[in-house]
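Chemist: Just need the structure, nothing else, for what follows:
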Amino acid sequence: MNGSPVDIVVFAPLAPILCVILFWFIQLLFIESQRYLLDKIRPKHEPLCRFTNFLGILFQTICHALGYTVTKSGISDIYLSINYGRVAPKKERKGIFEWIANAFLFIGPFFIPAGLLLICLFFLLSNGFEITTPIELVKLKYTFGGQMITFGTSLYLFSKNLYSFLLNIDLLHPGHLGFLLLMIFLGMGIRPSYIGEQKIDRVDMMYDLRNIWSLIKHKPMYVVILFSIAYVFFYISLLLTKDWYISLFIIFGWLSIISISSLMITHFIILLIKNVDEIPDCKKYLPYITLPASYISMRILFLYIPTSFKYSISLLVMICSTIVVTLFLNNKFKTREKIKLLKKTKNTGEGKRDEQ
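Modeler: So this is what the prediction gives:
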């Protein structure tokens, strides 16, 4: 085992923690971007935005309830509405138990809902769940750099298999379609946009960061205890030459990758809705019709022309044809509006000259 003792004892346990924080921060940025896009379509799609808000509050409430369950506080009452969620414990516990329950409330929604999709992936993916360190770096496995490389390599393999599955997903398979719908639900509702009937509390990136900072600042000793437990867990894994420590944080990394992937899919959906809204009359429904029509047409075609890439090609044709139809109708409408505006301006100018 190479590497300086200071690196192994002090810095190596920090590597996977920093990696998870990085991916969680990227997740936060995607969530903030999605909120921005939802605000853009809110005037015409208030019901959809309220539904995404409800999903966010639902996940948040479930995580809080799970926090009370884990701390054995019990649950006496759950209130859930489209604007607000509240969980009342049977026993009012203070100290570490209250702190853990609040941690589930503030941090849980970023990871726990994605756990459901991770469980599904265990049945849908044949591989990608390996904890891997390049052979040439095995001797540096328990150093800061070695932990970073193991984390990155394992996440790369998982991401590669996940995106390979998504790019070859069979939308006519009930299991695959169900998984995709779950991804969309997760992406739409990782966090609510507001809390309260009058949108009293705007839930944005700073709101989440303030809550987490308040959680840390309220009981900093608990954070020190958690770090101490993490270090002890790392030393046990080191002495037994096991991957237990890095495996725990790699799972958190997988959950972040799933969440980010869900958010990427919902970004495409919201952008499609935003662009379709600019198309007038009944023509705005053509892109939505193009989605299933193009996919089913390609799948029927591949019944007569078999190919091993039938799923990916069908998906690609569906996405590309929908984008082309949307852009074509959009540009056609904008061009028509420009011509009308030019004619109107020209007529107005001629009218003024006649008056003179």
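Chemist: okay, CA-based contacts and neighbour counts for the rest of this
Modeler: OK.
Chemist: next structured bit after the worst-scoring helix or strand of the chain on mean pLDDT?
Modeler: Lowest mean confidence among the helices and strands of the chain (mean pLDDT, DSSP states H and E): strand 201-202, at a mean of 70. Per DSSP states H and E, strand 201-202 leads on to helix 205-218 as the next helix or strand towards the C-terminus.
Chemist: ok now that next one, how far from the chain's centre?
Modeler: Between the centre of helix 205-218 and the centre of its chain there are 20 Å (Cα atoms, centre = their mean, to the nearest Å).
Chemist: can you confirm L58 is in a helix?
Modeler: Yes - L58: assigned to a helix according to DSSP: H, G, I helix; E, B strand; the rest coil.
Chemist: before we move on, which element is the most centrally placed residue in the chain in?
Modeler: The centre of the chain sits closest to S259, judged by Cα atoms, centre = their mean, with a distance of 2.8 Å. Per DSSP H and E, S259 falls inside helix 244-276.
Chemist: following that helix, which helix or strand shows up next?
Modeler: helix 286-304.
Chemist: Now that next one - C-alpha only, CSV.
Modeler: The C-alpha trace of helix 286-304 is given here as CSV (Å, rounded to 0.1, in the frame of the first residue of the first chain):
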residue,chain,number,x,y,z
LEU,A,286,-48.7,18.1,-34.2
PRO,A,287,-45.4,17.7,-32.3
TYR,A,288,-47.3,15.7,-29.6
ILE,A,289,-48.8,13.5,-32.3
THR,A,290,-45.4,13.1,-34.0
LEU,A,291,-43.9,11.6,-30.8
PRO,A,292,-45.9,8.3,-30.7
ALA,A,293,-46.6,8.2,-34.5
SER,A,294,-42.9,8.3,-35.5
TYR,A,295,-41.9,5.8,-32.9
ILE,A,296,-44.6,3.3,-33.7
SER,A,297,-44.0,3.7,-37.5
MET,A,298,-40.3,2.9,-37.0
ARG,A,299,-41.0,-0.1,-34.9
ILE,A,300,-43.4,-1.4,-37.5
LEU,A,301,-40.8,-0.8,-40.2
PHE,A,302,-38.2,-2.8,-38.2
LEU,A,303,-40.6,-5.8,-38.1
TYR,A,304,-39.9,-6.1,-41.9
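Chemist: now it against helix 244-276, angle please.
Modeler: Orientation check (axes from the mean of the first three to the mean of the last three Cα atoms, to 10 degrees): helix 286-304 against helix 244-276 gives 120 degrees.
Chemist: Next, work out how far apart the residue nearest to the centre of the chain and Y222 are.
Modeler: Distance from S259 to Y222, counting by Cα to Cα, to the nearest Å: 27 Å.
Chemist: Over to F129: give its phi and psi.
Modeler: With angles defined as degrees, to the nearest 10, F129 sits at phi -100, psi 20.
Chemist: What residues does R42 make contact with?
Modeler: R42 is in contact with 48-49, counting by Cα atoms under 8 Å, 6 or more residues apart in numbering.
Chemist: And it, what's its pLDDT?
Modeler: According to the prediction, R42 has pLDDT 88.
Chemist: what does the one 3 residues further on give?
Modeler: Turning to H45, the model gives it a pLDDT of 89.
Chemist: Return the distance of it relative to G189.
Modeler: H45 sits 16 Å away from G189, going by Cα to Cα.
Chemist: When those two are compared, which one has more neighbours?
Modeler: Shown here are H45 and G189; by other Cα atoms under 10 Å, G189 has more neighbours (27 against 15).
Chemist: thinking again about what came up before, can you give me the buried ones in the helix holding S259?
Modeler: Buried positions in helix 244-276, judged by neighbour count with 16 or more other Cα atoms under 10 Å: 244-247, 249-264, 266-267, 270-276.
Chemist: Verify the stated contact: P287 with M318.
Modeler: No - in this structure P287 lies outside contact range of M318 using Cα atoms under 8 Å: 10.1 Å.
Chemist: The two: which is more packed in?
Modeler: Each of P287 and M318 has its neighbours counted (other Cα under 10 Å); P287 has more, 23 against 20.
Chemist: Excluding sequence neighbours, find me the nearest residue to the more buried one.
Modeler: Sequence neighbours aside, T322 is the residue nearest to P287 in space, at 5.4 Å (criterion: Cα to Cα, 6 or more residues apart in numbering).
Chemist: what residues are up against that neighbour?
Modeler: With Cα under 8 Å, 6+ apart, T322 has these contacts: 287-288, 290-291.
Chemist: Please tell me which one of those counts the most neighbours.
Modeler: In terms of neighbour count, P287 stands highest of the contacts of T322 at 23 neighbours, by other Cα under 10 Å.
Chemist: Please determine how far that one is located from S294.
Modeler: For P287, the distance to S294 equals 10 Å [Cα to Cα].
Chemist: buried ones in stretch 4-21?
Modeler: For stretch 4-21, a neighbour-count test (16+ other Cα under 10 Å) marks 8-9, 11-17, 19-20 as buried.
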